[in-house]
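S.K.: what follows is a protein structure lacking sequence information:
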Ligand code: PRP
């Protein structure tokens, strides 16, 4: 198995502090609402697990999984839902939880999907907002960190399904971004 050289770009401590702050903000903003955290698998599972425990208001948690048609690592813009929400979406406050927004194509499609499902509100919380390859004008409502360069791994961000278990975020020094 190939081993990669990594550089830490966001420490475990910095992630903890930022996730706690996001949880406080979300708790404040959704007080009195009907919040459903909608985590996008597989990349958001670690972030969602930590974020939900920093939220102090009543909420539900659900999961979706999407896939892009086409080969390669870059999004093609042709998205399909391979795991639909288990919970009722209609009329509820859907907060999509993602690990990273890159081109924006996946999230543009997913946010539209929840609007079509007649959610009461639809917002996006992403741990990392990576804007250098953005293809659509998508702005997340809650952003952990803005990072523009590098192939990021760790804290459930993967390289060929590896490194999701690392507790901090790193850039691979020997992979294309
Ligand atoms: C990542 C991330 C988003 C998507 C964002 O998932 O979790 O779903 O890419 O990219 P985009 O803005 O260019 O559309 P990935 O396809 O790597 O799968 P994973 O969640 O299983 O890691």
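M.R.: That came in fine, so what should we check first? Predicted model, so just to flag it, every value in this text is computed and none were measured.
S.K.: contact residues of the protein facing the ligand?
M.R.: Counting by CB under 6 Å from any ligand atom, the chain comes close to the ligand at 40, 42-43, 75, 98-107, 158. Quick note: C-beta positions are derived from backbone N, CA and C, even for glycine.
S.K.: which ones among those lie within helices?
M.R.: Per DSSP state H, helices hold the following members of those: 105-107.
S.K.: and the most centrally placed residue in the chain, what pLDDT?
M.R.: Central residue of the chain (CA atoms, centre = their mean): residue 98, 0.9 Å from the mean position. pLDDT recorded at residue 98 is 97.
S.K.: test my guess that residue 117 contacts residue 91.
M.R.: No: contact between residue 117 and residue 91 fails when scored by CB atoms under 8 Å: they sit 9.9 Å apart.
S.K.: of the two, which one has the most company?
M.R.: Taking other CB atoms under 10 Å, residue 117 and residue 91 do not tie; residue 117 has more neighbours (16 against 11).
S.K.: what sits closest to the more buried one if chain neighbours are left out?
M.R.: Once flanking residues are discounted, residue 117 sits nearest to residue 89: 4.3 Å by CB to CB, 6 or more residues apart in numbering.
S.K.: likewise for residue 109?
M.R.: Distance criterion CB to CB, 6+ apart; nearest residue to residue 109, sequence neighbours excluded, is residue 79 at 4.1 Å.
S.K.: that neighbour: neighbour count?
M.R.: Residue 79: 19 surrounding residues under other CB under 10 Å.
S.K.: returning to what we had before: give me the neighbour count for the nearest residue to the residue nearest to the centre of the chain once chain neighbours are set aside.
M.R.: Leaving aside its chain neighbours, residue 98 sits nearest to residue 126 (4.4 Å; criterion: CB to CB, 6+ apart). The burial count assigned to residue 126 is 26, neighbours taken as other CB under 10 Å.
S.K.: pretty sure residue 126 is in contact with residue 138, am I right?
M.R.: No: the criterion here is CB under 8 Å, and residue 126 misses it with residue 138 at 9.7 Å.
S.K.: which residues do the two both contact?
M.R.: Counting by CB atoms under 8 Å, 6 or more residues apart in numbering, the shared contacts of residue 126 and residue 138 are 101, 107.
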